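[1] build the 3D model from these lines:
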Amino acid sequence: MSNTNQDVQAHAADIAAALRSLKPNEQHRKNQLFSLLYPVIVEMLEQNVTQKAILKKLEEKGLKLHPVRFKDLMAEAKASSGEAGAEEGAA
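    Below is the predicted model of the structure:
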């Protein structure tokens with residue numbers, strides 16, 4: 001039985017190694033990156049930098065987003081940062 005246990009442990013180790021070799025989903029990576037950049041994007045928008053200019057710069061740096069996706073990510077980031085709740089409370 002010791003041999004069977006070793007086989008199972010070896011198989012589990014192989015599976016664990018295979019799982020660790022997986023890379024994050026590209027969409028998830030983009031979402032994470034956007035979340036980190038959100039404060040800077042808001043800052044630039046407040047300084048009247050256009051969305052088009054921001055999208056162009058993001059694309060140059062490897063984060064290509066469609067304008068609709070950009071707006072969706074902005075709304076998601078705003079909601080998760082608690083800004084939406086603060087605005088609703090003020091209204």
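[2] please, where are all the helices along the chain?
    2-20, 26-46, 51-60, 67-80, 83-90 (DSSP state H).
[3] could you dump the ones you listed to TSV with mean pLDDT and mean neighbour count?
    Using the backbone N, CA and C atoms, a C-beta is placed for each residue, glycine as well. Converted to TSV, these look like this (pLDDT from 0 to 100; neighbours: other Cβ atoms under 10 Å):
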stretch	mean pLDDT	mean neighbour count
helix 2-20	89	9
helix 26-46	93	13
helix 51-60	97	13
helix 67-80	93	14
helix 83-90	46	9
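[4] Leu65 reaches Lys30, doesn't it?
    Yes: contact status for Leu65 versus Lys30: in contact at 7.2 Å, counting by Cβ atoms under 8 Å.
[5] contacts for stretch 47-62 next, please.
    Stretch 47-62 is contacted by residues 37, 41, 44-45, 64-65, 67, 70 when judged by Cβ atoms under 8 Å, 6 or more residues apart in numbering.
[6] what is the burial count for His66?
    9 (other Cβ atoms under 10 Å).
[7] gap between it and Glu76?
    15 Å (Cβ to Cβ, to the nearest Å).
[8] what do you get for Phe34?
    Distance from Phe34 to Glu76, by Cβ to Cβ: 9 Å.
[9] what of Glu46?
    As defined by Cβ to Cβ, Glu46 lies at a distance of 19 Å from Glu76.
[10] ok, Leu19 next?
    Distance from Leu19 to Glu76, by Cβ to Cβ: 28 Å.
[11] neighbours of the nearest residue to Leu33 once chain neighbours are set aside, just the number please.
    Spatially, and ignoring its direct neighbours in sequence, Leu33 is nearest to Leu63 (5.7 Å; Cβ to Cβ, 6 or more residues apart in numbering). Counted by other Cβ under 10 Å, the residues lying close to Leu63 total 15.
[12] check contacts around Leu63.
    Contacts of Leu63 (Cβ under 8 Å, 6+ apart): 30, 33-34, 37.
[13] and the residues you listed as a markdown table, adding distance to Thr50?
    A markdown table is the format used below for the contacts of Leu63 (distance: Cβ to Cβ, whole Å):
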| residue | distance to Thr50 |
| --- | --- |
| Lys30 | 21 |
| Leu33 | 20 |
| Phe34 | 17 |
| Leu37 | 16 |
